[in-house]
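Visitor: Sharing a sequence plus its predicted fold:
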Amino acid sequence: MFNASKTKNNKEVVNLEFLIETKFDGASNSWNVKISGEVDLFNSGEMKTKLLSILEKKPADIIIDCSSLDYIDSTALGALVAVLKNTKEYGYSVCLKKIKPNIEKLFRITNLNKVFQIEGDQHDD
């Protein structure tokens, strides 16, 4: 788990945490990734580094379970775009599953819903 604190005027504003879990599935030749918490300016670089490292270790599709992802900002979107670009260079794709409505809205506003494969929402089984 990654912990980061933002401070403003020497006051702690928020304690940000995110967790990224990865597991390779040989049967489907894909990485199953679960991202939990919040991803923003303070930790999006770590998310990007982790995702690119698994891709380098074993090129394959990346399936990201977003059911526990509460918030992302534009830097997180940029990190995901970079991961998608690298994944496509290997001939694979990135699929986002079970995204929450507030995050799905961000993808729609930025038209990234046309770039990423997005399946289901948090209420689908």
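Guide: Right, received. Where do you want to start?
Visitor: Quick one: neighbours of residue 42, just the number.
Guide: Neighbour count for residue 42, taken as other Cβ atoms under 10 Å: 18. Yep, even glycine has a C-beta here, placed from its N, CA and C like the rest.
Visitor: Surely it forms part of a helix?
Guide: No. Counting by DSSP: H, G, I helix; E, B strand; the rest coil, residue 42 falls outside a helix, being coil.
Visitor: Can you give me the distance of the closest residue to residue 90 other than its chain neighbours to residue 24?
Guide: Nearest residue to residue 90, sequence neighbours excluded (Cβ to Cβ, 6 or more residues apart in numbering): residue 59, at 3.9 Å. Distance, residue 59 to residue 24, by Cβ to Cβ, to the nearest Å: 11 Å.
Visitor: and those two? which has more neighbours close in?
Guide: Remark: of residue 59 and residue 24, residue 59 carries more neighbours, 16 against 13, as counted by other Cβ under 10 Å.
Visitor: Now that the more buried one has come up, it's in contact with residue 93, right?
Guide: No. Counting by Cβ atoms under 8 Å, residue 59 stays clear of residue 93, with 11.4 Å between them.
Visitor: Touching both of those two, which residues are there?
Guide: Common neighbours of residue 59 and residue 93 are listed as residue 87 (criterion: Cβ atoms under 8 Å, 6 or more residues apart in numbering).
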